[in-house]
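**Q** the sequence and its predicted three-dimensional model are supplied below.
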Amino acid sequence: MKNTILAFNKKKLIISMIALVFIGCWHTETYSQRQKFNFNHEWKLLVADPDGAEKFDFNDSKWDDITLPYAWNQSEAFKKDIVDLSTGIAWYRKTFKLPKDSENKKVFIEFEGVRQMGEVFVNGQFVGRSENGAMAFGYDLTPYLNQYPENNVIAVRTDNDWRYKEKLTGNSFQWNNKNFNANYGGIPKNVFLHITDNIYQTLPLYSSLGTTGTYVYASDFNISQKKAVVNIETQVKNESDHSVDVELAVEIMDLDGNKVAEFTGDKYTLARNGMRELHASDTIKILNFWSWGYGYLYNVYSSIKVNGVVVDKVKTRTGFRKIKFADGMIYLNDRVIMMKGYAQRSSNEWPSLGMSVPAWLSDYSNSLVVEGNGNIFRWMHITPWKQDIESFDRVGMIQAMPAGDAESDVTGRRWRQRTELMRDAIIYNRNNPSILFYECGNESISEAHMAEMKAIRDKYDPFGGRAIGSREMLDSKEAEYGGEMLYINKSADIPMWAMEYSRDEGLRKYWDDFTPPYHKNGTGGTYSHNVNGSKIKDASSYNHNQDSHAIEDVIRWFDYWEMRPGTGKRVSSGGANIIFSDTNTHYRGAENYRRSGEVDPMRIPKENYWAHKVIWDGWVDTDSIRAHIIGHWNYKKGIVKDITVVSTAANVELLVNGKSYGRGIQHKHFLFTFKNVAFDPGTITAIGYDVNGRKVCETKKETAGDPFALKLTTIQRPGGMLADGQDVTIIEVEVVDKKSKRCPTAMNMIHFDLKGEGEFIGGIAKGPDNYIGAKDLPVECGVNRIFIRSTKKTGTIKLIAASKGLKSASLNIETHATDTNPLSLVLPDNDLPSYMNQGPTPQSPSYKVSRTAIDIIDVHAASNNEDAPLSFDDNELTEWSNDGQLSTGIIEYELERVANINQIVVKFSGWRRLSYPISIYIDNQLVYSGNSPRSLGYVTFEFKPTKGKKVKIALTGATEDYDKFDIVEITGKIDQAGINNAPSAKGTLKILEVEFYEPLTE
């Protein structure tokens, strides 16, 4: 991964570079039909609020020159605590000319988002105001503009105050929140200018323009035959001075630019100032379906013809996939897929740049998730940036799209704000195939509110196949998916997947207890000053080094894997680990940012990343057997430590320089521990075997020599760095030995010297101000990364890295010409390739059935018998409980038939804290006696297969009460989930769900 993992189409690059010869003269060309311009170049910025800044002739010559996207406080990202990010008024101004032949054309501006508020002025006239800080908006600028060759000035006044309130109502926005929504102010996203004929297809900007744009979707799928019906609905508006006869024509081009279909649709006489949706559809054969890790996209061109002449042509980039939600499972292209991914902050930020990064860098970050066998991002609280949404289309990643919320349901105007944002987000993003879920809340909402959100989905995206739901909503009749934050949920109906299942933290700098700087688990958690002022007294339950963090993540995943599709009628559909990359949001450690990521803020993988790559390899069951040795192999002489190997093999053997330490002790299925392994310089090897003893995988780590030199590697845009003032290149610096092998314990300070057409941005490391912007920063675990940003001049950037006692390193980067005119024809995602490494959806099943579920036909309880059916009703919010007397803690189930039972799965009330002494009988034969394990949801009782038709569970003593997991919330409080409804009497038995299984028969 030292070079960008994205392939690049060189043919497209050559064509694009040839086109640039002509782009600089765009204003002399004949302008026809629709054009979409990159409006990011040639802006001015002032962080202040001067009088008259909106006026045409205001003198902005001393303002800063910038290229969008650009948040004016983005240099503070990771330098400051989220609560300390600078706020205030900032003005953005731009001077531009319209194209020569744009008379009698319509001109629209599209902002992908402004934070928090943006007031738009054109040539001194107020155009409009956007206040939600999350969603795209735009305006019709036609009445305000001067025609070519006169200048125009657009000015945007922004306000990113945490306390900002809606002008009309005085209500704040629930998602303008200091805990999770990093406040990168101003215009941190892209801006586009659209010029159309006066008979045109509208933009999908509902709140500001009242229009819905174009909607493309597929239906009538036949996956095996690779065909489907492709449907287009496009909203057409006539702003000419007379009625016209319009016709919709469609062309579909594949990823290689080949035309795969051409057809026509509705014809209609559209009155002056009329607006109407036109439809077209056709069956398309030999379709490549969008899939996980297979970002196959099509360009769908919808053209409006008047008298046979095309007057408007819109390109919609989309993909086609079949989605189904049934039996507690998620089907993608007729294959079950289990959610294996991350709950990520929607800012998805980077050091010193915040969220305002080039589109290729979004692809790089997001494709790392796919490379690590993740398949979903659950964006948290806020609608993600369109750039990230489109990136997920290209890399083949599923996403759950929220609108905006905090942590609770609301009413009145604040609820209306949420429904309006959801409506706008659905309309704006409904053509993006990677969105499979719409999330209505980070906590449960009322059934009435869920129904209202569902109606919005049904109105504006009735055919996209997407489920709409909310976190929790476990017993909702309206929600189409659900799942708790930290615990295991199962369902035989709508899919349940965990929204944030592992919230522990660990800094990349710390290897283990035996490697400097010797970070012991639990240390570093007493310095947190969260929004509510709380401090963490005991960090032992969540504050890790790399070794223990990786192990904990594997342990947490096992609970979901154990209840995966194929294990019964009630299953878990997986979960989202919080978070993928360390984030500039609320935290609990000595650092001022959240360190729960599987990669650090510069996307350098931690051990967690490699562990997930092993355990997540597959749609449901394991596709490829892998192994990873946690940690490094560069210790001091005499060190003896336990070695942990993560593997999906049945057994693992460990060898040190050929000496075998035997087979590891297996724990939680994926973890193999080898006790008291003595360090011996050389090679440590893990070999995986199947149940028959055959070798199925092997991995090794080697001892590096003494630090000798520095090594520099570039990660940059496919095709090279653009001289546009906004593109960046990542430089990875490593400390290596004489054989160019990374020294994993090196912590050397590196000095960088930059010359040429580039700007040093820097990276991040543990230290003063997190070394943000510093030209001297250390490597951590032998490696670090920095950013360099281009200027607008083509040329050579030379970087030299030096460190005392080490051989220095240098490299040259050539920057390439691109169109940086105020109205540029080169869009931010120009020529970015799709990630295709996973290949099309396999036609084979994604899982094997591992056991047989036995239905319950009757139940009898010693007390509260009327509630006994609640213990197997597929609703985890209902339960059976006895009356608190030990003698009545008995419940007996009658099965559908005599079964050879060997497993009973139970979810007890207070699952995390309480242990129930129980006995289990099958037809009065004792098969289990002991205390139930504490868990994050379900526990499995396994015993010798025993035939019978009646199963009795009896409480045999007082429940034991202590918290095994001690999950600490960000507020510093102990999480109470699974405890609030716990029994108060020691003689109480409470069962939420119970299931019975027998082994598969040959």
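**A** Alright, I've got the coordinates.
**Q** how far does stretch 716-730 stretch from start to finish?
**A** End-to-end distance of stretch 716-730 (C-alpha to C-alpha, to the nearest Å): 6 Å.
**Q** can you give me how far it is from the chain middle?
**A** 24 Å (C-alpha atoms, centre = their mean, to the nearest Å).
**Q** ok, V906 - how many residues close by?
**A** V906 has 21 neighbours, counted by other C-beta atoms under 10 Å. (Glycine included, C-beta is placed from N, CA and C.)
**Q** for I488, see how far away it is.
**A** Noted for V906: a distance of 12 Å to I488, by C-beta to C-beta, to the nearest Å.
**Q** intersection of neighbour lists for these two?
**A** Y938 (C-beta atoms under 8 Å, 6 or more residues apart in numbering).
**Q** so what pLDDT did the residue nearest to R663 when sequence neighbours are not counted get?
**A** Once flanking residues are discounted, R663 sits nearest to N651: 5.2 Å by C-beta to C-beta, 6 or more residues apart in numbering. Note on N651: pLDDT of 97.
**Q** hang on, N651 packs against I665?
**A** No. In this structure N651 lies outside contact range of I665 using C-beta atoms under 8 Å: 10.7 Å.
**Q** looking at these two, which is more packed in?
**A** N651 (16 against 13).
**Q** list the contacts of the more buried one.
**A** Shown in contact with N651 (C-beta under 8 Å, 6+ apart): 663-664, 666, 672, 688-689, 691, 693.
**Q** need those residues in a markdown table (columns: pLDDT and secondary structure).
**A** What follows is those, written out as a markdown table (pLDDT from 0 to 100; DSSP: H, G, I helix; E, B strand; the rest coil):
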| residue | pLDDT | secondary structure |
| --- | --- | --- |
| R663 | 97 | strand |
| G664 | 97 | coil |
| Q666 | 96 | strand |
| F672 | 98 | strand |
| G688 | 98 | strand |
| Y689 | 98 | strand |
| V691 | 95 | coil |
| G693 | 96 | coil |
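**Q** of those residues, grab the buried ones for PyMOL.
**A** Buried residues among those (16 or more other C-beta atoms under 10 Å), as a PyMOL selection:
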select buried, resi 664+672+688+689
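**Q** just the buried residues of the longest strand along the chain, please?
**A** When the chain is parsed with DSSP state E, its longest strand is strand 890-908. Residues 890-893, 895, 899-908 are the ones in strand 890-908 that count as buried (16+ other C-beta under 10 Å).
**Q** just checking, what packs against the helix or strand just after it?
**A** Following strand 890-908 in sequence order, the next helix or strand is strand 914-915 (DSSP states H and E). The contact analysis (3 or more C-beta pairs under 8 Å, 6 or more residues apart in numbering; DSSP states H and E) places strand 914-915 against strand 960-961.
**Q** can you name the next helix or strand after the strand it packs on?
**A** Proceeding N to C from strand 960-961, the next assigned helix or strand is strand 990-998, under DSSP H and E.
**Q** give the other helices and strands that that following strand contacts.
**A** For strand 990-998, the packing partners by 3+ C-beta pairs under 8 Å, 6+ apart come out as strand 852-854, strand 880-881, strand 890-908, strand 939-955.
**Q** then the last one to CSV, C-alphas only?
**A** Coordinates of the C-alpha atoms in strand 939-955 are reproduced here as CSV (Å, rounded to 0.1, in the frame of the first residue of the first chain):
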residue,chain,number,x,y,z
VAL,A,939,-24.7,-16.8,25.2
THR,A,940,-24.4,-20.3,23.8
PHE,A,941,-24.7,-23.4,26.1
GLU,A,942,-23.2,-26.4,24.3
PHE,A,943,-23.3,-30.0,25.4
LYS,A,944,-23.4,-33.5,24.1
PRO,A,945,-26.3,-34.0,21.6
THR,A,946,-29.3,-35.2,23.6
LYS,A,947,-32.6,-36.3,22.1
GLY,A,948,-35.8,-34.9,23.5
LYS,A,949,-38.9,-32.7,22.9
LYS,A,950,-39.1,-30.7,26.1
VAL,A,951,-36.5,-28.4,27.4
LYS,A,952,-36.6,-27.0,30.9
ILE,A,953,-34.5,-24.1,32.2
ALA,A,954,-34.4,-23.7,36.0
LEU,A,955,-32.8,-21.1,38.2
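**Q** tell me the angle that strand makes with strand 890-908.
**A** Comparing the axes of strand 939-955 and strand 890-908 via axes from the mean of the first three to the mean of the last three C-alpha atoms, to 10 degrees yields an angle of 150 degrees.
**Q** what is the mean pLDDT for strand 939-955?
**A** Taken as a whole, strand 939-955 carries a mean pLDDT of 97.
**Q** again with the third one
**A** Across strand 890-908, pLDDT averages out at 97.
**Q** rewinding a little: show me the one of the helices and strands packed on strand 990-998 that comes nearest F514.
**A** Nearest to F514 among those is strand 939-955; the distance by C-beta to C-beta comes to 34.2 Å.
**Q** orientation of the closest one relative to strand 990-998 in degrees?
**A** Going by the same axes, to 10 degrees, strand 939-955 makes 120 degrees with strand 990-998.
**Q** looks to me like D867 is in a helix.
**A** Yes. Checked against DSSP: H, G, I helix; E, B strand; the rest coil, D867 lies within a helix.
**Q** check it and give its pLDDT.
**A** 97.
**Q** need the contact list for it.
**A** 861, 879-881.
**Q** can you lay out those as CSV showing neighbour count?
**A** What follows is those, written out as CSV (neighbours: other C-beta atoms under 10 Å):
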residue, neighbour count
A861, 24
E879, 18
W880, 25
S881, 24
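**Q** which one of those sits closest to P204?
**A** The nearest one, if we look at these relative to P204 and count by C-beta to C-beta, is E879, at 45.3 Å.
**Q** which phi and psi does that closest one have?
**A** phi -160, psi 160 (degrees, to the nearest 10).
**Q** K990 is in contact with that one, correct?
**A** Yes. At 5.4 Å, E879 and K990 qualify as touching, with contact defined as C-beta under 8 Å.
**Q** one step back: against A954, how distant is the residue nearest to R663?
**A** Distance from N651 to A954, by C-beta to C-beta: 37 Å.
**Q** name the element the most centrally placed residue in the chain belongs to?
**A** Relative to the mean C-alpha position of the chain, the nearest C-alpha, by C-alpha atoms, centre = their mean, is the one of F377, at 2.7 Å. Per DSSP H and E: F377 is located in strand 376-380.
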